[in-house]
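Enquirer: show me the folded form of this:
(one chain, ligands or ions: 2)
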Amino acid sequence: MKDSFGRNVHSMRISVTDRCNMRCDYCVSGDKLQLRPAQELLSLEEIETIVRAAGTLGFDTFRFTGGEPLVREGVPGLIERVGALPGIRKLSLSTNGSLLARHVDQLADAGVTGLNISLDSLVTERFRRITRGGNLARVLEGIGAALRKDRFTVKLNAVIVRGINDDELDELASLTLNQPLTVRFIEYMPFGAWRAGGENEPDPTISTQEMMQVLERRFDVEENVSGPVGEGPARYVKIKGAEGFIGLISPVYQPFCERCNRIRLTSDGHIKSCLLQDDRFALRDWMRGPEYSYSELVMRVRDAVLLKPREHSYSRGLDMSTVGG
Ligand code: SAM
Ligand code: SF4
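Expert: Numbers count the residues shown, from 1 in each chain. Ligands and ions are numbered 1, 2, ... in the order given. Alright, predicted model coming up:
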């Protein structure tokens, strides 16, 4: 459906859980995830009902995310049921990859065609530090299993942070040389409590423009190529002769609000019409109460789309692990 600014909003990003088996520095503020009691999370049935309501409004693209979506039992089954609803065009999953190897068959059977896998470093110890405990080998195993399955569009997402992993741009980009995958570099959004950058400190966010300059020093980069399938926020380039693509995502320096086609459903049952704004439409308690009706639910989803702001401003009330990225 069209929002108030004429954008065709047809994509929903669903955080199925706030739980995660990693605690990436840029995503989670503090040492611990701020977990909600289980009963405050939407049940899988409630998520399915909201998806069905969105489907009647023309939503046809759904991405499942978290926290880490694969730590919640029953998520592949949920995706399969969503895929059976009329009019669904695309199902994808954002994952940290650590549990992927054992789930690829189930995900393919459920109809998932797009896998976005976070990969911020190729150095074991650094990866462990950034993710506060993550195991690089297991993630690489998950990526390998996804590629071998030959059923998914695989995109590896790297949040590049100055002084943390910006020296790995070349190595990460090189993954596209001989493999059918896309590596996407994402500008660090100053979320959570981490490295917001003090007055006299260098800005931890590196613009995609600066990233391109680094890549061009090492590679012959072709610009404005039509990238892999997808209508997300990335623009794509390619190393000449490479098998895969490089995506650049610039939420900070070149926001893509005018092309934004999505809304978000948080794990605790709020619709967020913009990632970076705190306006939220609470659905959970109302859905569990006596006033609930399905037709009113459709109206509430519609209202969230209509109230989508023209552009974002940074509001830092929530961690990404809560919102779903
Ligand atoms: N756990 C899954 C994963 O790591 O891919 C899915 C959820 S995670 C919140 C979704 C995406 O948000 C990841 O690609 C992650 O890198 C990104 N993200 C989290 N915090 C971010 C930040 N401060 N700036 C930019 N991207 C961020
Ligand atoms: Fe977990 Fe993903 Fe956030 Fe890392 S980016 S803490 S893997 S939700």
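Enquirer: name the residues of the stretch 101-250 of the chain found near ligand 1, please.
Expert: By the criterion of C-beta under 6 Å from any ligand atom, the positions of the stretch 101-250 of the chain lying close to ligand 1 are 118, 157, 159, 186, 188-189, 191. Using the backbone N, CA and C atoms, a C-beta is placed for each residue, glycine as well.
Enquirer: which of the residues you listed lies closest to residue 91?
Expert: Minimum separation from residue 91 among those (C-beta to C-beta) is found for residue 157, which lies at 17.8 Å.
Enquirer: now do stretch 242-257: distance from first to last residue.
Expert: This stretch, stretch 242-257, spans 30 Å end to end (C-alpha to C-alpha, to the nearest Å).
Enquirer: er, stretch 219-236 actually
Expert: According to C-alpha to C-alpha, stretch 219-236 extends 15 Å from its N-terminal end residue to its C-terminal end residue.
Enquirer: strands of this structure, start to end?
Expert: In chain order, the chain shows strands spanning 11-15, 61-65, 90-95, 114-118, 153-160, 182-187, 221-222, 235-239, 245-249, 262-265, 270-272, 281-282, with DSSP state E as the criterion.
Enquirer: lowest average confidence across the ones you listed, which one?
Expert: Per-segment confidence across these bottoms out at strand 281-282, which has a mean of 90 in mean pLDDT.
Enquirer: give me the sheet partners of it and which way each runs.
Expert: Each strand that strand 281-282 pairs with, and the sense of that pairing, follows from DSSP bridges: strand 270-272 (antiparallel).
Enquirer: is any part of the strand it pairs with close to ligand 1?
Expert: No - shown here: strand 270-272 not in contact with ligand 1 (C-beta under 6 Å from any ligand atom), separated by at least 13.1 Å.
Enquirer: buried residues in that strand?
Expert: Judged by neighbour count using 16 or more other C-beta atoms under 10 Å, the buried positions of strand 270-272 are 270-272.
Enquirer: which residues sit against it?
Expert: 263-266, 279-284, 300-301, 304, 323 (C-beta atoms under 8 Å, 6 or more residues apart in numbering).
Enquirer: my read: residue 273 touches residue 301, true?
Expert: No - Residue 273 sits out of contact with residue 301 when judged by C-beta atoms under 8 Å, with a separation of 10.1 Å.
Enquirer: okay, and the common contacts of the two?
Expert: With C-beta under 8 Å, 6+ apart applied, the overlap between the contact sets of residue 273 and residue 301 consists of residue 263.
Enquirer: neighbour count for these two, which is higher?
Expert: More crowded of residue 273 and residue 301, by other C-beta atoms under 10 Å: residue 301, with 24 against 21.
Enquirer: ok, and the helix or strand in this structure with the lowest average confidence?
Expert: Scoring the helices and strands of the chain by mean pLDDT, DSSP states H and E places helix 320-323 at the bottom, with a mean of 62.
Enquirer: who does the closest residue in space to residue 265 that isn't next to it in sequence form a beta bridge with?
Expert: Excluding its sequence neighbours, the residue lying closest to residue 265 (C-beta to C-beta, 6 or more residues apart in numbering) is residue 14, at 4.7 Å. Beta-bridge pairing for residue 14 (DSSP bridges): residue 64, residue 265.
Enquirer: so residue 14 makes contact with residue 62?
Expert: Yes - counting by C-beta under 8 Å, residue 14 does reach residue 62; the two are 6.3 Å apart.
Enquirer: nothing else from me, thank you.
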